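Colleague: Pasting the sequence and the predicted model now:
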Protein chains: 2
Amino acid sequence: MMSSASSAEQLRDRLRSRGLRWTPQRRTLLVVLEAAQGHVTGAELVERCRAIDPATTPSTVYRTLDVLEDLGIVQHGHGADGREEFHVRPEQEHGHLHCAACGGTWEIDEREATTIVNSFREERGFEVDLSHVTVVGLCRECSSAGNQQPGSSA
Amino acid sequence: MMSSASSAEQLRDRLRSRGLRWTPQRRTLLVVLEAAQGHVTGAELVERCRAIDPATTPSTVYRTLDVLEDLGIVQHGHGADGREEFHVRPEQEHGHLHCAACGGTWEIDEREATTIVNSFREERGFEVDLSHVTVVGLCRECSSAGNQQPGSSA
DNA sequence: GGCCTTGTTGCAACCCGTGGCAATAAAGTA
DNA sequence: TACTTTATTGCCACGGGTTGCAACAAGGCC
C-alpha cells in the first residue's frame, strides 16, 4: 500500500530532478506498468491505459515509454513478428526464444547467454544487448513433431 | 542473358507445379530481386517494383514475398527497428549483428553461430532459425568510444 | 478458340508506431 | 498568488505492413 505510493513518488522525483514533469498521463502509465508482469506489447499498454483513462493517446504512451526506458524502468525489444515488446522493470536482463510453430516464448537468462555474449565479445569486440535479442526457431516439442515454420514449404 | 530468362522460367515452372500462377506482378518482383544484393526492406522492394510498373500495389508485393519465402527464394527477418528485411536468395543462412550506436550491421555466418545454435539445441532442444536472428548491441569501435545506445541515460 | 476453376490482384480499411506543431499545463520563481 | 518557461499533450497525417473481399485473369481442359 505504501510501496506503490512511494514508487510513484520516486518516479516523480527522478523526473523532476531531470527537469521533466510528472503528469496525470504518466501517472496512468505507471499504474498500468506496476500491474503488468513480464512482457507487454506497446499496443497492450495503450489499451490498458485507456481502460483507466479513455482519453489516452497512443503517441503520449509511446513517448512516455521512451522516457521510462531512459530511466531504466522499462526496456523494449522486438518480438518475432517485429512488434515492440516491453519488459517491465527488468530484474535481470534477458532475451527471448520464440517458437515459430507453436508461438511459445521462453526467456534466455544471463547465465544461458554467457556463451553467446562472450563469443561475440571475444571474436568481434561486440557488446550484446541481451534485452533486445529474440531468437526464433522451433522448440523441442515442435521440432521433434516435425512441425514446420508456418508458411514453410507446401 | 540466358540465365535471367531461365531463372524466370524456373520460377514459373515451380509455381505452376504447385498450382500457383505466373503473373506479370510476380515477374516484376522477380526482376527486382535479381537486381538486388544482400538485404532489402519490404518498402524498398515495393518502391523498386513501382519503378518498373507504377501500378504496383504493396499488398501484392508482400503476398508474393510470402510465396517466394515458401519457395526458399527469399528469407525475411526483422532489423533492429523491427522492420522487415529480406535476404535475397541466401547462399548461406546467416543472422545479423547491429550496432545501436553507429547503425552498422554485420553478418553472422554459420560458423560463428555454431556455438549458439548448438548450445540452444543441447540445453533446450531448440532449433534456431539463424536467418531470423538480429543481435543488437555495441560494436567494438562504439563500445570502446564509450558510446551509449541512443536515448540511453541522460 | 471458348469455358471454368480458383489463385491473384487491387482496393479500402485497418493496426502499430512515429513525428510535426500549436495549445496546454507543470513547476520553479518572485 | 500571479507569472514565466518550456516540457508535454493531443491532434493529425504519415509510413510500413496486413487483411477481407469482390472482380479479374492464369492456365488446364475440351
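Modeller: Received it, and whenever you're ready, just let me know what you need. The model shown is predicted, which means the values in this text are computed figures rather than measured ones.

Colleague: Close to DNA strand C: what parts of chain A are there?
Modeller: Residues of chain A found near DNA strand C (CB under 7 Å from any atom of the strand) are A:12, A:15-16, A:21-24, A:41-43, A:46, A:58-59, A:62, A:83-84. C-beta coordinates here come from the backbone N, C-alpha and C atoms, glycine included.

Colleague: buried subset of those residues?
Modeller: A:12, A:15, A:22, A:42, A:46, A:84 (16 or more other CB atoms under 10 Å in any protein chain shown).

Colleague: can you put those in a markdown table and add pLDDT and secondary structure?
Modeller: As requested, these are exported to a markdown table (pLDDT from 0 to 100; DSSP: H, G, I helix; E, B strand; the rest coil):
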| residue | pLDDT | secondary structure |
| --- | --- | --- |
| A:12 | 96 | helix |
| A:15 | 97 | helix |
| A:22 | 98 | coil |
| A:42 | 97 | helix |
| A:46 | 98 | helix |
| A:84 | 89 | strand |
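
Colleague: anything in stretch A:53-66 near chain B?
Modeller: Yes: counting by CB under 8 Å from any CB of the partner chain, chain B is contacted by stretch A:53-66 at residue A:66.

Colleague: which residues touch that stretch?
Modeller: A:24-26, A:28-29, A:42, A:45-46, A:49-50, A:74, A:76, A:86, B:151 (CB atoms under 8 Å, 6 or more residues apart in numbering or on different chains).

Colleague: related to what we said a few turns ago, relative to residue B:98, which of the residues of chain A next to DNA strand C is nearest.
Modeller: Nearest to residue B:98 out of those is residue A:84 (CB to CB; 15.9 Å).

Colleague: My guess is the closest one contacts residue A:40. True?
Modeller: No: counting by CB atoms under 8 Å, residue A:84 sits too far from residue A:40 to count as a contact (9.5 Å).

Colleague: Next, the residue positioned nearest the centre of chain A: phi, psi?
Modeller: When CA atoms, centre = their mean is applied to chain A, the residue found nearest the centroid is residue A:86 (2.1 Å). Torsion angles at residue A:86 (phi, psi; degrees, to the nearest 10) stand at phi -110, psi 140.

Colleague: Quick check, pLDDT for it.
Modeller: pLDDT, residue A:86: 89.

Colleague: Who is it paired with across the strands?
Modeller: Following DSSP bridges, residue A:86 is listed with bridge partners residue A:40, residue A:76.

Colleague: thinking again about what came up before, between which two of the residues of chain A next to DNA strand C is the distance greatest?
Modeller: A:16 and A:83 (32.5 Å).

Colleague: the domain parsing of chain A - what is it?
Modeller: Domain assignment for chain A by automatic domain parsing gives A:2-88, A:95-144.

Colleague: Nearest to residue B:140 among those domains would be which one?
Modeller: domain A:95-144 (3.1 Å).

Colleague: so which of the buried ones among the residues of chain A next to DNA strand C comes closest to DNA strand D?
Modeller: Using CB to the nearest atom of the strand, residue A:15 is the member of these that sits closest to DNA strand D, with 5.8 Å.

Colleague: Contact partners for the closest one?
Modeller: A:21-22, A:26, A:67, A:71.

Colleague: which parts of chain A sit against DNA strand D?
Modeller: Near DNA strand D, the residues belonging to chain A are A:15, A:19-21, A:23, A:25-26, A:55-57, A:59-60, A:63-64, A:67 when assessed by CB under 7 Å from any atom of the strand.

Colleague: Using PDB, write down the CA coordinates of the helix or strand encompassing residue A:50.
Modeller: Residue A:50 belongs to helix A:42-52 when assigned by DSSP states H and E. Presented in PDB, the C-alpha positions along helix A:42-52 are these (Å, rounded to 0.1, in the frame of the first residue of the first chain):
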ATOM      1  CA  GLY A  42       3.000  -1.300 -26.800                       C
ATOM      2  CA  ALA A  43      -0.500  -1.600 -28.100                       C
ATOM      3  CA  GLU A  44      -1.500  -3.600 -25.000                       C
ATOM      4  CA  LEU A  45      -0.100  -0.800 -22.800                       C
ATOM      5  CA  VAL A  46      -2.100   1.800 -24.700                       C
ATOM      6  CA  GLU A  47      -5.200  -0.300 -24.300                       C
ATOM      7  CA  ARG A  48      -4.700  -0.700 -20.600                       C
ATOM      8  CA  CYS A  49      -4.200   3.000 -20.100                       C
ATOM      9  CA  ARG A  50      -7.400   3.600 -22.000                       C
ATOM     10  CA  ALA A  51      -9.200   1.300 -19.600                       C
ATOM     11  CA  ILE A  52      -8.200   3.700 -16.800                       C
END
